Each structure stands twice: as C-alpha cells, then as structure tokens.
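1. curious how this folds, go ahead:
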Amino acid sequence: MITMYTSDRAFVTPREVASIQSAQNGDTSGVLNRGKQLNITVNGLTATVNTGQALVLGRLVEVVTPTSITLPANSNGKLCIVVDIAKENTYVGNAGKPDYYPTINQVYLAAVTGELVQEDINNGGYVYELPLATFSTNSTSGTVSQHNPIFNDTGWIDLELAHGSTYNPEAYARYRVFNGICYLRWYNIACQNSQYGNQVFKIPQKIKPSVKGQFVIAGSNININNGDHKFCNFIVPDVANPIGVVYAMWGNNQDMGIGITGATGSGQYPLG
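-> Have a look, this model is predicted:
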C-alpha cells in the first residue's frame, strides 16, 4: 500500500504534519523567540516557567500562562518539556461544534533526575524530553541554570563590547544561533582601553556554552599596540561565569595588558 497525505481529499493528522515540520528543520528541537522564551524562576522548591513556545521534533508546544512545577528535594537534574504521544488526550463536547474543548495530556513539564529519554517520536518512539535548565535542590529550596536549546536560525545579532573596548572603522562583533550551534565573529575591535587591554565583547547568558570550564576559539591578525600583527587565542567563558566577557590570551598569561588595537576572530560551539 502507498498513500500521499498532502493530496486532494486526504485525511491528515498531527502525526503527518509534525513529521514534515521536523524533517524540514533537520529533526532538531528548541525554543522559539516567542513570549518570554520560557524564562524560569524559582521560589523555594517551586519552579515557574514563563510564556513561550518550543518545537519538539515538529510538535509545536506553548506555555500559554506561567506554569509551575515542584522540584524534588535534595536532587540534581534537568527541568524539561516532555512530549509523550503514548498518553491519551481527552475532550468534552462535539468536534466541530462550539462546545468542543480538548485537554492535551501529551505534553507536560517534568523534573528529570535520571538520564533523558529522547526517542524519535516521528519514527516509532513515544517520549521526547527537551531540557530547558539544570536544577539543584536541598530540602527547602532550589536553583536553576537555564540554557534553552535555541531553535533554527536567529540571523546575525550584534554583541555588546566589553567595557572600554570600541569599534574601529568597519569593525563588528556578532553572534548567530543556527540549529543549536552558536557562531561568533568579530573584526578589528579596539581593546587597548579595556581591562588588561584584552577584553573584547560580552557573551549574553542565553548563549553561554553549557559545558564546564572555559575553552579557546581561534583569533587571527591581532594588531598589538606596538604595531605587530600576531596570532592570539580567545577565551570563551562557561555558563557559570558571571562576567561573561571574551578576552584574548597571549601565551599563557591572560592579564598582561597587551593593548590590542585590532582584535579579529571567529568560533562556534553547541548550545544545550
């Protein structure tokens, strides 16, 4: 038997629509730039997820009003949006009539303390857990570190320079998130008046790397204040670093005040 869903008189269900949307977007999942982008706050052991939308393997999920969940005490784990297509949605009224109203049970928030379940729900699987944040709790309170998996393509967005750094002619500093990968590019940034003479730009919290520890990305054609053009590495802060400033490291010394008058570089890292 063979059929075609996108044809005249065909019967199309959410399953087929989700499969198309997922395939068209590289079978990726993430948070859309909608509402409050699912921003999470914590009061005691209660975490509240603000409004926003996410696409989970082609399924569009929305937090319409701020929604709360109780975190387990004395635990560590991930706060997730869960799509479980094995569950049954319920309804009242009659389909197609004004009194019809469905209750969607196939999506919910969960505090996951074990391994994530991420089955291919378009190809025989049932459950996909999309993490929005990590959490840590004691007996009475908890904290979260949010790092939304950003979906698809943001386009190039300007970065804020570090304090004291300025733009030379034709200079820029930008980032772009495409299918969960953050790309950084910067060109000809004057850093000589920043702290230590080597701080370039700030990394917004929402695009900080989720890995532990700082890591190096490449730079090129670094113009030091004595006129030399040399190669230099740049250090990207981890998600726990409250400062979030990308700075240059010359040799093994990050604080030598090298006075960069033209910093250029690029790099990329995964989010989520």
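
2. name the residues that touch the lengthiest strand in the chain?
-> Looking across the chain with DSSP state E, the single longest strand is strand 166-178. Outside of strand 166-178, the residues within contact range by C-beta atoms under 8 Å, 6 or more residues apart in numbering are 150, 152-159, 161, 182-190, 193, 200-201, 204, 207, 261-262, 271. (Glycine included, C-beta is placed from N, CA and C.)

3. again, only this time at 6 Å
-> Contacting residues not belonging to strand 166-178 are listed as 150, 153-154, 156-159, 183-190, 201, 207 [C-beta atoms under 6 Å, 6 or more residues apart in numbering].

4. show me just the buried residues among these.
-> I150, L159, Y183, L184, R185, W186, Y187, N188, I189, A190, F201, I207 (16 or more other C-beta atoms under 10 Å).

5. so the third one, which of the three states?
-> Reduced to three states with DSSP: H, G, I helix; E, B strand; the rest coil, the structure at Y183 is strand.

6. my read: it touches Q268, true?
-> Yes. If you go by C-beta atoms under 6 Å, Y183 and Q268 touch, sitting 4.7 Å apart.

7. so who does A47 touch?
-> I40, I69, L71, L79.

8. neighbour-wise, give me the winner out of those.
-> Ranked by neighbour count (other C-beta atoms under 10 Å), these have L79 at the top, with 24 neighbours.

9. that one and T41, how far apart?
-> 12 Å (C-beta to C-beta, to the nearest Å).

10. overlap in contacts, those two.
-> With C-beta under 6 Å, 6+ apart, L79 and T41 have no common neighbours.

11. quick one: pLDDT of E129?
-> E129 carries a pLDDT value of 97.

12. nearest spatial neighbour of it, chain-adjacent residues omitted?
-> C80 (4.3 Å; C-beta to C-beta, 6 or more residues apart in numbering).

13. show me this structure divided up by domain.
-> 14-146, 157-270 (automatic domain parsing).

14. need these in JSON lines (columns: distance to T6).
-> What follows is the domains of the chain, written out as JSON lines (distance: least, C-beta to C-beta, whole Å):
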{"stretch": "domain 14-146", "distance to T6": "8"}
{"stretch": "domain 157-270", "distance to T6": "24"}
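
15. out of these, which is closest to M1?
-> Among the domains of the chain, the nearest to M1 by C-beta to C-beta is domain 14-146 (15.4 Å).

16. so what's the residue count around the closest residue to I260 other than its chain neighbours?
-> Spatial nearest neighbour of I260, chain neighbours left out: C191 (4.1 Å); criterion: C-beta to C-beta, 6+ apart. Counted with other C-beta under 10 Å, the neighbours of C191 add up to 28.

17. likewise for G164?
-> 14.

18. quick one on the thing from earlier: could you dump the buried ones among the contacts of strand 166-178 into JSON lines and include pLDDT, distance to R174 and secondary structure?
-> Listed next are the buried ones among the contacts of strand 166-178 as JSON lines, based on pLDDT from 0 to 100; distance: C-beta to C-beta, whole Å; DSSP: H, G, I helix; E, B strand; the rest coil:
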{"residue": "I150", "pLDDT": "70", "distance to R174": "15", "secondary structure": "strand"}
{"residue": "L159", "pLDDT": "94", "distance to R174": "6", "secondary structure": "coil"}
{"residue": "Y183", "pLDDT": "90", "distance to R174": "9", "secondary structure": "strand"}
{"residue": "L184", "pLDDT": "91", "distance to R174": "8", "secondary structure": "strand"}
{"residue": "R185", "pLDDT": "91", "distance to R174": "5", "secondary structure": "strand"}
{"residue": "W186", "pLDDT": "90", "distance to R174": "7", "secondary structure": "strand"}
{"residue": "Y187", "pLDDT": "90", "distance to R174": "9", "secondary structure": "strand"}
{"residue": "N188", "pLDDT": "88", "distance to R174": "13", "secondary structure": "strand"}
{"residue": "I189", "pLDDT": "89", "distance to R174": "11", "secondary structure": "strand"}
{"residue": "A190", "pLDDT": "89", "distance to R174": "17", "secondary structure": "strand"}
{"residue": "F201", "pLDDT": "89", "distance to R174": "9", "secondary structure": "strand"}
{"residue": "I207", "pLDDT": "83", "distance to R174": "11", "secondary structure": "helix"}
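
19. no more questions from me, cheers.
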